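K.L.:
next input, structure requested:
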Amino acid sequence: MPETITSRDAARFPIVASCTLLGLYLFFKIFSQEYINLLLSMYFFVLGILALSHTISPMMNRFFPANFPNKQYQLLFTQGSGESKEEIVNYEFDTKDLVCLALSSVVGVWYLLRKHWIANNLFGLAFSLNGVELLHLNNVSTGCILLGGLFIYDVFWVFGTNVMVTVAKSFEAPIKLVFPQDLLEKGLEADNFAMLGLGDIVIPGIFIALLLRFDISLKKNTHTYFYTSFVAYIFGLGLTIFIMHIFKHAQPALLYLVPACIGFPLLVALAKGEVTEMFSYESSAEILPHTPRLTHFPTVSGSPASLADSMQQKLSCPRRRRQQSPSAIYEESSTPKDVPGASKEETTEAAKKEK
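P.N.:
Predicted structure coming up:
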């Protein structure tokens, strides 16, 4: 189920991210980089297979024929016994999911053995899509707090220190998308890469998804704010690449993405006079169309004895009959009824006697 980021979470996020980044930096300085990357490779190998399988499952369902023998399975791990039994894992899947898992495992083995940049990017895109799907912002103010805090975080750790660049280059895991700069010269065996961290995709992505939900809440059948923020993201990313090539130095992508993703939609809201609606919008109860989810659960309070007594009282109460008008009663009594086993002539004669 999606995890909603509150304003308190958004304010603490840059601090937690800074501690994590500094901890990774110290790990790489103290311990052997080879063993750390081996451990992380196995960890992200499992996570990458699951994330990629979940991502390609809707697309792969279109290729299965209608008569495909699809069977349901359930993976259940419990702890304890009797009344103290507790579920640890309860995962339901089918044969189609197993096919997607097998295809994702091929990519996982390819990544584990070769560390190829295409396999890395497939896992990275799967992590990004799952991140945008599972992380939700509850309002625009929270999004501004999160983006603003990570704006300062990104600028400080890239320009102020060499921590971010060192960790990004030392960390051999699909936490970044890599783009070969010598693709035309070496083809698929390229080895000179430019990097884009997954945080530069997921963090603006969940803000853009929030604006899409805001578009839907306006009920105007337009996605103005979504398209505006999406174009703003492409513009900010292009500006990042341009500045990086001009100055020949690593650039914090959020330095350009945050002003673009917040500024462009805000200008559109000012032009349309919808700034108040934008900042008062709460998406906690909003669900995107074509996404069936259980949003509330029925609650039952009281002891079993009291519930049984209330049910017995309801059953013992006499049912009230609907009152009928005199004319309806007369019509009902005067209407001849067919008697089972009687002929049509006998029925007609009985009706004449009643009259």
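
K.L.:
A strand includes residue 67, no?
P.N.:
No: per DSSP: H, G, I helix; E, B strand; the rest coil, residue 67 lies outside any strand segment and is coil.

K.L.:
tell me how far residue 143 lies from residue 253.
P.N.:
According to CB to CB, to the nearest Å, residue 143 and residue 253 sit 17 Å apart. Every residue, glycine included, has its C-beta placed from N, CA and C.

K.L.:
which ones are touching the residue nearest the centre of the chain?
P.N.:
Taking CA atoms, centre = their mean, the centroid of the chain lies closest to residue 133, which sits 2.1 Å from it. Applying CB atoms under 8 Å, 6 or more residues apart in numbering, we find residue 133 in contact with residue 2.

K.L.:
where does pLDDT dip in the stretch 1-150 of the chain?
P.N.:
Along the stretch 1-150 of the chain, no part satisfies pLDDT under 70.

K.L.:
repeat the analysis, applying 80 as the threshold.
P.N.:
Where the stretch 1-150 of the chain drops to pLDDT under 80, the residues are 1-2.

K.L.:
just the stretch 151-300 of the chain next, same as before
P.N.:
191, 283-300.

K.L.:
just the strands in the stretch 1-150 of the chain please.
P.N.:
3-5, 72-79, 86-94, 135-137 (DSSP state E, counting those that start in this stretch).

K.L.:
next, the angle from the second one to strand 86-94.
P.N.:
Between the axes of strand 72-79 and strand 86-94, defined by axes from the mean of the first three to the mean of the last three CA atoms, to 10 degrees, the angle is 170 degrees.

K.L.:
and strand 72-79, how far out from the chain's middle?
P.N.:
23 Å (CA atoms, centre = their mean, to the nearest Å).

K.L.:
rewinding a little: pick the most buried one from the strands of the stretch 1-150 of the chain.
P.N.:
Of these, the one with the most neighbours on average (mean count of other CB atoms under 10 Å) is strand 135-137, at a mean of 21.

K.L.:
I'd like the strands of the stretch 1-150 of the chain written out as JSON lines, with distance to residue 125 added.
P.N.:
JSON lines is the format used below for the strands of the stretch 1-150 of the chain (distance: least, CB to CB, whole Å):
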{"stretch": "strand 3-5", "distance to residue 125": "20"}
{"stretch": "strand 72-79", "distance to residue 125": "26"}
{"stretch": "strand 86-94", "distance to residue 125": "22"}
{"stretch": "strand 135-137", "distance to residue 125": "16"}
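
K.L.:
nearest to residue 205, out of the ones you listed?
P.N.:
Proximity to residue 205, assessed across those by CB to CB, is greatest for strand 135-137 (8.7 Å).

K.L.:
quick one: distance of that closest one to the chain centre.
P.N.:
8 Å.

K.L.:
if we look at that strand, which residues are touching it?
P.N.:
2-5, 10, 143, 146, 202, 206-207, 209-210, 283.

K.L.:
at 6 Å instead, please
P.N.:
The contact list for strand 135-137, computed with CB atoms under 6 Å, 6 or more residues apart in numbering, reads 2, 3, 4, 5, 143, 206, 210.

K.L.:
next: stretch 154-168.
P.N.:
Residues from elsewhere that reach stretch 154-168 (CB under 6 Å, 6+ apart): 24, 25, 195, 250, 252, 254, 255.

K.L.:
got the end-to-end distance for it?
P.N.:
The straight-line separation of the ends of stretch 154-168 (CA to CA, to the nearest Å) is 13 Å.

K.L.:
burial measure for the closest residue to residue 115 other than its chain neighbours, as a count.
P.N.:
Counting by CB to CB, 6 or more residues apart in numbering, the nearest residue to residue 115 once its immediate chain neighbours are dropped is residue 172, at 6.5 Å. Residue 172 has 16 neighbours, counted by other CB atoms under 10 Å.

K.L.:
could you measure from residue 172 over to residue 33?
P.N.:
Distance, residue 172 to residue 33, using CB to CB: 9 Å.
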